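# Here's a sequence, model it:
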Amino acid sequence: MSSSGFTAISGAPELSGRKPGFRGLYFLLAVWLLLLGILSATGFFADFSKLPPRMAFAPLVPLPIVLWFARSTTGKYLICHVRPQWMVYLQSFRILVELGLWALVRNGVLPVQLSFEGRNFDVLVGLLAIPVGYFVFVRKSLPSWTVLVYNIFGLLMLVNVVTIAFLSMPTPLRKFPGQPDAGILAHFPLIYLPGLLVPLAYSLHIFSIRQWAAARRR
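Got it, this is the predicted structure:
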């Protein structure tokens, strides 16, 4: 793997020196953020009377769009031209997310299982992001499969925290009684945690895995 990124991978789109447009992506993102804000402000996500809870739509609706985008011309352009270490480095934002969750737990807003004091170990993904990206792609002192293991680990940690969050909400499936539930995540502005930050995390993993697989085919 080259530390400067993948510039000529198999299956890369022929762009004749022109960058693909990102306006459609920006438009979809703006619409999604606006929709999340409006629906959360009107209490749409806060209805836990039926299963699955409406909160499930927040992290899951973007997934098929992300998978489609990863195979689009613009997505392939990013895979070819973004330095692979940055797909990993950016996961360090999860450190700030976990510190925010910990602060909310300390203030009695969220249940303890959603922080690193409980059952949420997602902070490890953030802490490992810089070392993994650096030693795999810059120093090249770790084998390339390390990044695949890292991304799989990151996705598993993401599934873990999302599962814990849903089991902490006021539904018949709630498994953590006797403390604050996680229903506040359905309200503005915390709706952007499951609706924006969770999709951002799995998008970076998906693109990083695509980069790794494309490099293996070279």
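
# Who's the closest spatial neighbour of residue 171, skipping the chain neighbours?
Nearest residue to residue 171 in three dimensions, chain neighbours excluded: residue 48, at 4.8 Å (CB to CB, 6 or more residues apart in numbering). (Each C-beta comes from the backbone N, C-alpha and C, glycine too.)

# Pretty sure that neighbour sits against residue 183.
Yes - with contact defined as CB atoms under 8 Å, residue 48 and residue 183 form a contacting pair (6.7 Å).

# next SSE after the helix or strand bottoming out on mean pLDDT in the chain?
Counting by mean pLDDT, DSSP states H and E, the chain has its least confident helix or strand at helix 73-81, which shows a mean of 90. For helix 73-81, the following helix or strand on the C-terminal side (DSSP states H and E) is helix 84-89.

# coming back round to it: which neighbours do residue 48 and residue 183 have in common?
Counting by CB atoms under 8 Å, 6 or more residues apart in numbering, the shared contacts of residue 48 and residue 183 are 169-170.

# show me what contacts residue 204?
Residues 87-88, 90-91 are the ones in contact with residue 204 under the rule CB under 8 Å, 6+ apart.

# Can you tell me the SS state at it?
helix (DSSP: H, G, I helix; E, B strand; the rest coil).

# where does this protein dip in pLDDT?
Low-confidence segments of the chain, defined by pLDDT under 70: 1-20.
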